[in-house]
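# fold the following and give me the result.
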Amino acid sequence: MAAASHFHTWFHCYQQLMIQVFAQMICKILRKLEELFSNVKTMIKLDRKDDAIELLQANYEAVKEQIGEGTRDVEQAALLDVIALGYMAVGDFETVENILRMLDEVVGCIADGKPLMDSILIHIGSLYTNLGMLDKASQAYGRGLKILENAFGSQSPFLVMPLLGLAKVLKLSGRVTEAMETYQRSITILERSRGPMSEDLVLPLFSIGNLFIDEGRAVDAKTTFSRIVSIYTRIFGENDEKVGIAMCSLAHANCAEGNIDEAIRLYKKGLQIINDSKYMSIDDDILEKMKVDLAELLHAAGRETEGRELLEECLLVNERHKGSEDPSSVAHLLNLATSYSRSKNFVEAERLLRTSLQVMSRTVGPRDQSLTVPMLHLAVVLYSLRRDEEAEKFALEALSIRESAFGRESLPVGEALDVLVSIQTRLGKEEGKAVENLKRVLAIQEAEFGHESEEVMETLKKVKAPLQRRLALLRNKYKYLVPS
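Now for the predicted structure:
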C-alpha cells in the first residue's frame, strides 16, 4: 500500500516536471519564432529585402534538413509557418506555395492535441486564402476549429478568429449562405461571452454587413451598421473617429436601399467627425475613397456642383502630397472630366482628359490598354464638341490597342466600336461599314450579356436605323420609277 502511494506521488511529481519541461520547450520555440519574424519585419521595413530573404532561406534550408532526417514535429511546423509568413511579406508567393506543400506533409504527421497546432493551422488557412487556394484554406481552418472546439467547447471566444477566416473563404468560394451562417455564429459567441455592446463584435458585424450589401439585403445591412455606430458611440462617444467611419458604412447601406438623401447626410456627418478628430491623414486612401463615394452620390442626387467641389478637393490633396505628375492623379482627373461632361462643360472635360493622357504617357507604354479609358472618353467629348475628325482618331487608336490587348471579340472592343460607329456615322462614312461594326458589337454583347439583355436591345435599335434609312431610299427610288 505504501509502495503504491509512493509510486503515485512520484508519478504526479514526474507529470508536473514533464509539464514544466514541455512548457519551457514551447516558450523557447515561441521566442525563437518571434525573434525570426521580428528580424524579417525589421529588414523589410529598412528596405533590406535581400537580407530578409537570405535569413529566411537559411532557416528554410535548416528545417528542410531536419525534415529530411525524419523529424516532423511542432517545432518544424511552427518554423515553416513563420518562414512562409516571411516570404509572403516579401512577395515571393511561389516559395510560399512550396513551403505550404511541405507544411501540409508535416502537420499531417502531428496529432491534433499537440500545442500550437491550432495556431499553425489557422495561419496555414490564412496563407492559402491569400494565394486563392480556397479548398486548402477551408481544410486548414476546419481542422484548426475542430482542435479548438475539443479543447475549449463550441461556444469559446477562441473560435471567433478562425470562424471569420473560414467565413471569408466561404464567401470567396461563392457559398454565401454558409458564409453568413459562419459570421452569425461568431457574432452569437461574442454576444454570449462579451455582451451585446462589446467592441469585439465590430469586426464580424462589418464583415456580415458588407456581405448583406453584396447580396442586395440593404435593410439587413442598415441594421448591422446602425448597431456598429451604437457600439462605438457608447464606448468612445459620438465624436470619435470610429463613429465617423461606421457612419460612412451606414451611408453606403442607405445608398444601396435607394435612400440617397439620408446617405448623403450620413456621409457628410461621418466625414466631418473624421476630419475634426484628425484621426486620418488628409491624403489617406480610405478617406479619399469616402469623399469620392459621397461625390458620386451628390451627382446622382443632381447636386453636381457640390460633388465636383469634393472631386476637386481630392485632386488638390493628391497633387499637394504626391505631385501633379503622379499616376494616382489620373483617377481624379477622370472623375472630374466625367463630372464636367455631365454638366455639358466639354471644354474643361477635354482639358482634364488631355492632362490625364499626358500623365499616363510618362509611366506606361504607347500601346498600354489603360490609355484607352481616357482616349475613348476624350473621343466622346470631342464628338460632343463636333470635332469629329479628332474624335475618330482617338476612337480608332483606342480600338486598335484594345483589339491587341483583349482580342477582337472582347467586351472592351465592343465598347470602342460602339463609340467609333457614332462618330463615323456623323462623318458620313460608308453606312455598310457602320452596320458591319454594329453587328460585331451585337455579337460581343450577346455572348457577354445574353440575347435578351438591355445592351443587346439598344444595339439592335442602332442596327435598325441605317437599315431603315436604306429602305426609305429604295422605296423612294421605286416609287417614282416609270415602268418601261
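
# so for residue 307, what's the pLDDT?
Looking at residue 307, its pLDDT stands at 95.

# just list the residues touching the nearest residue to it once chain neighbours are set aside, thanks.
Nearest in space to residue 307, with sequence neighbours left out and distances taken as Cβ to Cβ, 6 or more residues apart in numbering, is residue 298 at 3.5 Å. In short, each C-beta sits where N, CA and C put it, glycine included. Residues near residue 298 by Cβ atoms under 8 Å, 6 or more residues apart in numbering: 264, 304, 306-307, 310.

# could you redo those as JSON lines and give each row neighbour count, distance to residue 238 and secondary structure?
Formatted as JSON lines, the contacts of residue 298 follow (neighbours: other Cβ atoms under 10 Å; distance: Cβ to Cβ, whole Å; DSSP: H, G, I helix; E, B strand; the rest coil):
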{"residue": "264", "neighbour count": "21", "distance to residue 238": "19", "secondary structure": "helix"}
{"residue": "304", "neighbour count": "16", "distance to residue 238": "31", "secondary structure": "helix"}
{"residue": "306", "neighbour count": "16", "distance to residue 238": "25", "secondary structure": "helix"}
{"residue": "307", "neighbour count": "25", "distance to residue 238": "27", "secondary structure": "helix"}
{"residue": "310", "neighbour count": "23", "distance to residue 238": "24", "secondary structure": "helix"}
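
# and the furthest pair within these?
Farthest-apart pair in the contacts of residue 298 is 264 and 304; separation 13.0 Å (Cβ to Cβ).

# please enumerate the helices of the stretch 1-150 of the chain.
2-45, 49-68, 74-90, 93-107, 117-130, 134-152 (DSSP state H, counting those that start in this stretch).

# how near is residue 61 to residue 108?
Distance of residue 61 to residue 108, computed by Cβ to Cβ, to the nearest Å: 22 Å.

# ok, residue 417 next?
54 Å.

# if you count surrounding residues, which of those two has more?
residue 417 (25 against 10; other Cβ atoms under 10 Å).

# list the residues that contact that one.
With Cβ under 8 Å, 6+ apart, residue 417 has these contacts: 399, 437-438, 440-441, 444.

# filter the residues you listed to the buried ones?
Among the contacts of residue 417, those buried by neighbour count (16 or more other Cβ atoms under 10 Å) are 399, 437-438, 440-441, 444.

# pick out the most distant pair among those residues.
399 and 438 (13.8 Å).

# so for residue 48, what's the pLDDT?
87.

# next one: the one 5 residues further on
You'll see residue 53 listed with a pLDDT of 88.

# nearest residue to it other than its sequence neighbours?
Closest to residue 53 by Cβ to Cβ, 6+ apart is residue 90, at 6.0 Å.

# cool, residue 403 as well?
In space, residue 403 is closest to residue 413, 5.5 Å off (Cβ to Cβ, 6+ apart).

# could you list the buried residues of whichever strand or helix holds the one you found?
Under the criterion of DSSP states H and E, residue 413 resides in helix 411-426. Using 16+ other Cβ under 10 Å as the test for burial, helix 411-426 gives 411-425.

# which of the helices of the stretch 1-150 of the chain has the lowest average pLDDT?
Among the helices of the stretch 1-150 of the chain, helix 2-45 scores lowest, with a mean of 56.

# is it correct that the residue nearest to residue 403 is in contact with residue 404?
No: using Cβ atoms under 8 Å, residue 413 makes no contact with residue 404, being 9.9 Å away.

# in contact with residue 213, which residues?
221, 252-253, 256.

# for residue 136, same thing?
So residue 136 contacts 100, 104, 124, 128 (Cβ under 8 Å, 6+ apart).

# those: which two are farthest apart?
Of all pairs in those, the most separated under Cβ to Cβ is 104 and 128 at 9.6 Å.

# the two - which one has more neighbours?
residue 128 (24 against 16).

# ok, residue 453 to residue 445 distance?
Taking Cβ to Cβ, one finds residue 453 at 7 Å from residue 445.

# neighbour-wise, which of these two wins?
Each of residue 453 and residue 445 has its neighbours counted (other Cβ under 10 Å); residue 445 has more, 23 against 13.

# helix, strand, or coil at the more buried one?
Under DSSP: H, G, I helix; E, B strand; the rest coil, residue 445 falls in the helix class.

# change the start of the numbering to 53 and stick with it
All right, first residue 53 from here; so that's residue 497.

# hmm, residue 129 is touching residue 172, no?
Yes: contact criterion Cβ under 8 Å: residue 129 and residue 172 qualify, at 5.2 Å.

# spit out the residues that contact the two alike.
155, 159.

# contacting residues around stretch 277-288?
Counting by Cβ under 8 Å, 6+ apart, 249-251, 253-254, 257-258, 261, 292, 294-295, 298-299, 301-302, 304-305 sit against stretch 277-288.

# average pLDDT for it, rounded please.
97.

# next, the buried residues of that stretch.
277-281, 283-285.

# closest to residue 203 among the residues you listed?
residue 283 (29.2 Å).

# how close does the closest one get to residue 384?
Taken as Cβ to Cβ, the span from residue 283 to residue 384 is 34 Å.

# for residue 486, same thing?
Relative to residue 384, residue 486 is positioned 35 Å away (Cβ to Cβ).
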